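Q: dropping a prediction and its sequence here:
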Amino acid sequence: MESEKSVEAVEPVGTRRPEIRIRDLHKSFGDNQVLRGIDLDIAQGEVVCVIGPSGSGKSTLLRCVNLLEEPTRGQVFVGGTEVTDPDVDIDAVRRRIGMVFQQFNLFPHLTVTENLTLPQRRVLKRDKARAAKAAAENLERVGLSEKAGAYPSSLSGGQQQRVAIARALAMGPRVMLFDEPTSALDPELVGDVLAVMRMLADEGMTMMVVTHEMAFAREVADRVVFMDGGVIVEDGTPERVIGDPAHERTRHFLSRLLDPARAQVEEERNQGLTGGSP
Ligand SMILES: Nc1ncnc2c1ncn2[C@@H]1O[C@H](COP(=O)(O)OP(=O)(O)OP(=O)(O)O)[C@@H](O)[C@H]1O
Ligand SMILES: [Mg+2]
């Protein structure tokens, strides 16, 4: 009994089927090599937070998973289907992958319900009743049933983002990708969006989340991946990567994030010592 338990404790999610598999992924824009060989497996039900400095390739990585960007080299599999196979039915692939952006991208001239039903009807060819049912169910999940008839402009940023999450969920995705979903929000609105994401994680949704919310990453992520310069520098539990980073680059990034003022002072001091840059 005892030994079985400890095996379980060591590898709770590693034994599950990989839902997302990324192999030797490269992406260049002209001469700019943005992704330089990414290997990453995300198990079914696993929540992986991706952190790293601006320009490190986090968004490009997410966008390559659902082929909003075409990789220069390498492979991506989602639920066993090779997304990067030139013959793949890309619409079928995208139906399995929900994506939430920093900007909510809701249609301003449509009500909340219409924002949720439109993609279901267009992409999934659902009839009106079926789409309306999924819209209502998912608005309830994000706690916004009472806003069904409202227009986006009458909602707070946090509410709009929860509508955007509900819109993605109404498509019935197998995995959800989030690209800094709370970065555009006033601080007091961040919590409600994170609560919805926490609920999804608890329900067993496979999630890849680019975020600067370290408290969320610590609490909800199974793993944290630190990217810099288009490569994965560290990949491990939140306790390990955030609490006890192995690499200087990770420590530097985290210290800037957690204590920007102090990091600035230290940087200036170091530059002073080394002669610095003009
Ligand atoms: N469509 C594009 N065309 C040309 N260059 C691009 C394109 N998209 C991204 N890049 C470049 O790729 C690099 C990585 O960008 P990316 O948006 O993936 O970084 P990021 O880690 O998400 O940064 P941030 O934290 O600022 O969002 C940057 O140098 C950016 O200028
Ligand atoms: Mg980005």
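A: Cool, got the structure. Given the structure is predicted, the values throughout are model-derived calculations rather than measurements. Ligands and ions are numbered 1, 2, ... in the order given.
Q: alpha carbons only for contacts and neighbour counts from here, please
A: Fine.
Q: return the residues of this structure in contact with ligand 1.
A: Phe29, Val34, Pro53, Ser54, Gly55, Ser56, Gly57, Lys58, Ser59, Thr60 (CA under 6 Å from any ligand atom).
Q: what about 5 Å?
A: By the rule CA under 5 Å from any ligand atom, the part of the chain lying against ligand 1 is Phe29, Ser54, Gly55, Ser56, Gly57, Lys58, Ser59, Thr60.
Q: Ser56 - that's part of a strand, no?
A: No - under DSSP: H, G, I helix; E, B strand; the rest coil, Ser56 sits outside any strand and is assigned coil.
Q: okay, now it: neighbour count?
A: Residues near Ser56, counting by other CA atoms under 10 Å, number 19.
Q: repeat for Ser153
A: 13.
Q: still on that earlier bit, which two among the residues of the chain next to ligand 1 are spaced furthest apart?
A: Greatest spacing in these, by CA to CA: Phe29 and Ser54 (16.2 Å).
Q: pLDDT added to the residues of the chain next to ligand 1, as a markdown table?
A: Formatted as a markdown table, the residues of the chain next to ligand 1 follow (pLDDT from 0 to 100):
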| residue | pLDDT |
| --- | --- |
| Phe29 | 97 |
| Ser54 | 95 |
| Gly55 | 96 |
| Ser56 | 97 |
| Gly57 | 98 |
| Lys58 | 98 |
| Ser59 | 97 |
| Thr60 | 98 |
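Q: after the helix or strand bottoming out on mean pLDDT in the chain comes which helix or strand?
A: Least confident helix or strand, the chain: helix 2-10 with a mean of 41, by mean pLDDT, DSSP states H and E. Following helix 2-10 in sequence order, the next helix or strand is strand 18-29 (DSSP states H and E).
Q: how much space between the spatially most central residue of the chain and ligand 1?
A: Taking CA atoms, centre = their mean, the centroid of the chain lies closest to Val209, which sits 2.3 Å from it. For Val209, the distance to ligand 1 (CA to the nearest ligand atom, to the nearest Å) stands at 11 Å.
Q: so which elements touch the one helix or strand that residue maps to?
A: Using DSSP H and E, Val209 falls within strand 206-210. Counting by 3 or more CA pairs under 8 Å, 6 or more residues apart in numbering; DSSP states H and E, the packing neighbours recorded for strand 206-210 are strand 47-51, helix 58-65, strand 175-179.
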